[in-house]
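# What would the 3D arrangement of this be:
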Amino acid sequence: MQKTKINLVSLGCSKNTVDSESLAGKLIHEGFSVKFNMEELSFDFIIINTCGFIDKAKEESINTILEFINLRKEGNKNFKIIVYGCLAQRYKKDLEKELPEIDFLAGIMADKDIIKYVLSTNYNEQRTESANTNAKRSLSGAKHYAYIKISEGCDRRCSFCAIPLIKGKHVSRPIEDIVEETNALIKQGVKEIILIAQDTSYYGLDLYGKRCLYDLLKELCKTDIHWIRLQYSYPNQFPVEILDLMNEETKICHYLDMPLQHINNRILDSMNRNITSAEIISLINNVRARVKNIAFRTTLIVGYPTENKLEFNELKTFVKEIKFDRMGAFTYSKEEGTKAAELNDNVSEKEKQRRLDELTEIQQEISFELNQNKIGKTFETIIDRKEGEYFVGRTQYDSPEVDNEVLIAIKDNPTLQIGEFYDIKITDSSEFDLYGTLA
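As a prediction, this is how the structure comes out:
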């Protein structure tokens, strides 16, 4: 009997990717065929994991749902449409009213409900739902790296962020569960794990009564993983003890992703970030002093309500002086239910975009300068994929999809293998890419 085909589309952040991969693994364990492919047109169920974080993400989620509704209507197809995740969690009643074509709607952490629905409506094979105890994640992209979610939810109350409204309070996973998942991924061929959460620096406080990121990293270093990467650390009460561990343990990448959002004290106070400008600068200096050659990545918001030109200029000066190795910037997006939504959003969209462009241009110049300094040096590099005439890889200082990449000409280095590590000598650079050859 032909297997029921399921297409799973994952939108939004890497935390959503983990949720989608976990659901896919459980569905495969039930005997279904699951693909992650927006272009796939032959399936019995389409499952869309939505994002509801900011306006652009909501728009992408709605457009994706409409795309499959129209595909079913215009193609005279009879597949079922399942929608879940953050957008569905936050706007379930609105979606039920506006898009009745959705066959099944669920929020976050809805794997069991989705599996039950698929089993109950599956016309190829009728079976009883199992406990999925042996299910393993089905990786949606590269097979040599994987994101691991160490907690869910958030206890912070940043004024601009709707995540606590969607995901609820911070809930840490036990260390042994994370280590077990890591070992399972290693058996699947994973060589790099990327630890994610809404706030990784908060990890363990709810479960163990203290922050336990150090303890978690220490245990993960005992596994056979090659690289451990840390993302999404909050600056307030950052666990500085992990910095010494980074120096001691070669498996932990010298990489830190810490969203700072702004540097002006009035804006930071309005954002409810519970940290001052002086404390942020002191923390950055401490990180760089204690961990040799660490790559510091941050994200910033421009156009926050009432942000004036002097405050934006302060942010620009901060970026110029600190010279972040990696930086992402976003225009402020009003999220209903948040404290910032009550403020007078008096910065026009045009001005927000102008400020974003200006900040991005500054970072582009910084990135070019830092990359130029890497020419002639050799870095351990993992090969992610082939693209055109190049193998595309990353150093320990770069996270997948968001950071710099190393381009290595295939014609000069034909024996390289995807998912393997090589020493690559940098021969040239651009603003966001390095060029190299096998050392």
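# Every contact and neighbour count from this point should use C-alpha atoms.
Noted.
# Now do stretch 267-278: everything it contacts.
157-160, 235-236, 261-265, 304, 307, 340 (Cα atoms under 8 Å, 6 or more residues apart in numbering).
# just these now: which is nearest Arg72?
Nearest to Arg72 among the contacts of stretch 267-278 is Phe160, at 37.1 Å by Cα to Cα.
# re earlier: would you format the contacts of stretch 267-278 as JSON lines with secondary structure, pLDDT and neighbour count included?
Formatted as JSON lines, the contacts of stretch 267-278 follow (DSSP: H, G, I helix; E, B strand; the rest coil; pLDDT from 0 to 100; neighbours: other Cα atoms under 10 Å):
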{"residue": "Arg157", "secondary structure": "coil", "pLDDT": "91", "neighbour count": "17"}
{"residue": "Cys158", "secondary structure": "coil", "pLDDT": "95", "neighbour count": "20"}
{"residue": "Ser159", "secondary structure": "coil", "pLDDT": "96", "neighbour count": "20"}
{"residue": "Phe160", "secondary structure": "coil", "pLDDT": "94", "neighbour count": "23"}
{"residue": "Pro235", "secondary structure": "coil", "pLDDT": "95", "neighbour count": "20"}
{"residue": "Asn236", "secondary structure": "coil", "pLDDT": "93", "neighbour count": "16"}
{"residue": "Gln261", "secondary structure": "strand", "pLDDT": "97", "neighbour count": "20"}
{"residue": "His262", "secondary structure": "coil", "pLDDT": "98", "neighbour count": "26"}
{"residue": "Ile263", "secondary structure": "coil", "pLDDT": "98", "neighbour count": "24"}
{"residue": "Asn264", "secondary structure": "coil", "pLDDT": "98", "neighbour count": "19"}
{"residue": "Asn265", "secondary structure": "helix", "pLDDT": "98", "neighbour count": "16"}
{"residue": "Tyr304", "secondary structure": "coil", "pLDDT": "97", "neighbour count": "26"}
{"residue": "Glu307", "secondary structure": "coil", "pLDDT": "97", "neighbour count": "17"}
{"residue": "Ala340", "secondary structure": "helix", "pLDDT": "95", "neighbour count": "22"}
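# list the buried ones in stretch 362-382?
363-368, 370-372, 374-375, 378-379, 381-382 (16 or more other Cα atoms under 10 Å).
# Distance of the residue lying closest to Phe160 once chain neighbours are set aside relative to Gly204?
Leaving out its chain neighbours, the residue that sits closest to Phe160 by Cα to Cα, 6 or more residues apart in numbering is Ala340, at 5.2 Å. According to Cα to Cα, to the nearest Å, Ala340 stands 29 Å off from Gly204.
# Report pLDDT for the residue lying closest to Ala110 once chain neighbours are set aside.
Excluding its sequence neighbours, the residue lying closest to Ala110 (Cα to Cα, 6+ apart) is Tyr84, at 7.4 Å. For Tyr84, the pLDDT comes out at 94.
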